[in-house]
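Enquirer: just to be clear, the model below is a prediction. Sequence and coordinates:
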Amino acid sequence: MDLKSSHGAPVLTDSAPLSKSRLGGHHGLLPYSPSGAPFSKNLRLSIPKKKFGFLDDVRSIGWLDAMKSSSPPHKTFNKDSNIDLSSPDPEAASLTWLLKFPSALASFEQIANFAKGKRIALFLDYDGTLSPIVENPDNAVMSDDMRSAVKNVAKYFPTAIISGRSRDKVYEFVGLTELYYAGSHGMDIASPVRQSISDDDPHCIKSTDTQGNEVNLFQPAREFLPVIDEVFSSLVKSTEDIKGATVENNKFCVSVHFRNVDEDKWEAVGECVEDVIKKYEDRLRLTQGRKVLEIRPKIDWDKGKALVFLLESLGLSNCDDVLPIYVGDDRTDEDAFKVLRDRNCGYGILVSKAPKESDAYYSLRDPSEVMEFLKSLVTWKQSSVL
């Protein structure tokens, strides 16, 4: 699919609210929530207080420097030891990193011991976590082995994928009905229907997926859809002459990828984004990831808020016997890591080869280690029920 196209064929349609839909749908999550995990009705959305953001950074140091700071140069690693060979003291840097963020595989026994008697809830990013980072984001397909690992772990633990991608795109990549899917950094969440959701909640609707299963949809930024589509169209047009630039419509946010753009054209990409977004600054905000600029609705919502919302919906919030585990690789995942650290209620696992600051507790090097960690969880759970 060309990234400079519209959403494509949706996997989960966004129909108008249905007041008398039949109950039913996939039953893969029943072991974790017999009541059906209705979406929380205690949501409070607000415009975030003004704070130093990416655009402020841009206006302070310039587009090129701001984009470079969010996309550090590629480092060279020893494939066996994970030592950064470009560091002045590579071995010391690696040891310091692993002391602060121990390998979740090497520390698995410690994690398992803490998890005894607790209900694990698993939250996973997609790009860079379940699939490798690739030059063309549309080719970030997960392997069959990874899909099998995710399917198996979801048999034992409630599992959700929280991604910056559109929910439909992530579902297309993963294709497992056992999971909760939270796209657009958690602004578009889908779960199987178990019981009626509140008809007076404007953020919750019922819909049907392509297999005919009913789903609950939670979309706190639904009112922003027209402006997001408008911004997407404008950015496609304004960047069309910049070789390598791609604009992706993630439904509730727009991603401008510059991974394949020559560095001397990065500033032009940034200026295109600023020219388009400046008239929407009261409604939209600009954030950055790894060689991507993202335009999102200006609401107090991120992956951390989505994590809390899903825990509440699963009936797993504020429980001493619950252990949430969040695995992710990008700076947008830090919002979820921070929630777990601040609440002292679970583990964040950063997927990274490069030593960097994080609110995570543990680390994994790449998706292959993520897969091994998921397999270890399954093996541990199977042995604990024998």
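Expert: All right, it came through fine. Residues are numbered from 1 along each chain as shown.

Enquirer: can we go C-alpha only for contacts and neighbour counts from here?
Expert: OK.

Enquirer: low-confidence ranges, this protein, go.
Expert: Counting by pLDDT under 70, the ranges of the chain that qualify are 1-57, 59-61, 70-90, 192-202, 209-211, 213, 386.

Enquirer: quick check: domain ranges of it?
Expert: The record's domain split for the chain, according to the TED database, is 119-188+305-384, 224-297.

Enquirer: so what's the residue count around Cys319?
Expert: When neighbours are counted by other Cα atoms under 10 Å, Cys319 registers 12.

Enquirer: same question but for Phe224, I mixed them up
Expert: By other Cα under 10 Å, 17 other residues sit near Phe224.

Enquirer: can you tell me the SS state at it?
Expert: Here Phe224 takes the helix state, with states given by DSSP: H, G, I helix; E, B strand; the rest coil.

Enquirer: so the closest residue in space to it that isn't next to it in sequence versus Leu235, what's the distance?
Expert: Excluding its sequence neighbours, the residue lying closest to Phe224 (Cα to Cα, 6 or more residues apart in numbering) is Pro297, at 6.7 Å. For Pro297, the distance to Leu235 equals 16 Å [Cα to Cα, to the nearest Å].

Enquirer: just to revisit the earlier point, for the residue nearest to Phe224, what are its contacts?
Expert: By Cα atoms under 8 Å, 6 or more residues apart in numbering, the contact list for Pro297 reads 221, 224, 252-253, 283-285.

Enquirer: and Val256, by the same measure?
Expert: Counting by Cα under 8 Å, 6+ apart, Val256 has contacts 245-248, 292-294.

Enquirer: go on, Ser143?
Expert: Ser131.

Enquirer: most widely separated two among the contacts of Val256?
Expert: Farthest-apart pair in these is Ala245 and Glu294; separation 13.2 Å (Cα to Cα).

Enquirer: and those two? which has more neighbours close in?
Expert: Per other Cα under 10 Å, whichever of Ala245 and Glu294 has more neighbours is Ala245, with 22 against 19.

Enquirer: the contacts of Val256 in strands, which ones?
Expert: 246-248, 292-294 (DSSP state E).

Enquirer: quick check: ChimeraX command selecting the buried ones in the residues you listed.
Expert: Buried residues within the ones in strands among the contacts of Val256, by 16 or more other Cα atoms under 10 Å, are selected in ChimeraX with:
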select :246,247,248,292,293,294
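
Enquirer: take the ones in strands among the contacts of Val256 and lay them out in CSV including distance to Gly270.
Expert: Shown next, in CSV, are these (distance: Cα to Cα, whole Å):
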residue, distance to Gly270
Thr246, 13
Val247, 13
Glu248, 15
Val292, 10
Leu293, 8
Glu294, 11
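
Enquirer: name the nearest of the ones in strands among the contacts of Val256 relative to Ile277.
Expert: Using Cα to Cα, Glu294 comes nearest to Ile277 of these, at 10.6 Å.

Enquirer: ok, now which ones touch the closest residue to the closest one other than its chain neighbours?
Expert: Distances taken as Cα to Cα, 6+ apart place Ser255 nearest to Glu294, at 4.5 Å, with adjacent residues excluded. Applying Cα under 8 Å, 6+ apart, we find Ser255 in contact with 247-249, 292-295.

Enquirer: for Arg296, same thing?
Expert: Contact analysis of Arg296 by Cα under 8 Å, 6+ apart lists 252-254, 284-287.

Enquirer: kindly report the same for Val170.
Expert: Contacts for Val170 (Cα under 8 Å, 6+ apart) come out as 126, 163, 181, 183.

Enquirer: pick the one among the residues you listed closest to Lys375.
Expert: Distance to Lys375, by Cα to Cα, is smallest for Tyr126 among the contacts of Val170, at 17.0 Å.

Enquirer: quick one, phi/psi of the residue nearest to that closest one when sequence neighbours are not counted?
Expert: Spatial nearest neighbour of Tyr126, excluding adjacent residues (Cα to Cα, 6+ apart): Ser163 at 5.8 Å. With angles defined as degrees, to the nearest 10, Ser163 sits at phi -130, psi 160.

Enquirer: any idea how far Ser163 is from Trp266?
Expert: The gap separating Ser163 from Trp266 is 25 Å, by Cα to Cα.

Enquirer: secondary structure class for Thr287?
Expert: Secondary structure, three-state DSSP: Thr287 is strand.

Enquirer: identify the residues contacting the most centrally placed residue in the chain.
Expert: Residue closest to the average C-alpha location in the chain (Cα atoms, centre = their mean): Ser163, at 2.5 Å. Counting by Cα under 8 Å, 6+ apart, Ser163 makes contact with 125-127, 170, 182-186.

Enquirer: could the residues you listed go into CSV alongside secondary structure and distance to Cys204?
Expert: Shown next, in CSV, are those (DSSP: H, G, I helix; E, B strand; the rest coil; distance: Cα to Cα, whole Å):
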residue, secondary structure, distance to Cys204
Asp125, coil, 23
Tyr126, coil, 24
Asp127, strand, 27
Val170, helix, 20
Ala182, strand, 14
Gly183, strand, 15
Ser184, helix, 16
His185, helix, 17
Gly186, helix, 14
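
Enquirer: list only buried entries from the residues you listed.
Expert: 125-127, 170, 182-186.

Enquirer: farthest-apart pair in the contacts of Ser163, please.
Expert: With distances taken as Cα to Cα, the most widely separated pair in the contacts of Ser163 is Asp127 and Gly186, at 14.6 Å.

Enquirer: could you find the closest non-adjacent residue to Phe101?
Expert: Tyr362 (4.5 Å).

Enquirer: how far away is Thr177 from Val170?
Expert: Taking Cα to Cα as the measure, Thr177 falls 12 Å from Val170.

Enquirer: how about the strands in the stretch 201-350 of the chain?
Expert: With DSSP state E, counting those that start in this stretch, the ranges of strands along the stretch 201-350 of the chain come out as 204-208, 214-218, 246-249, 254-257, 284-289, 292-297, 322-328, 347-351.
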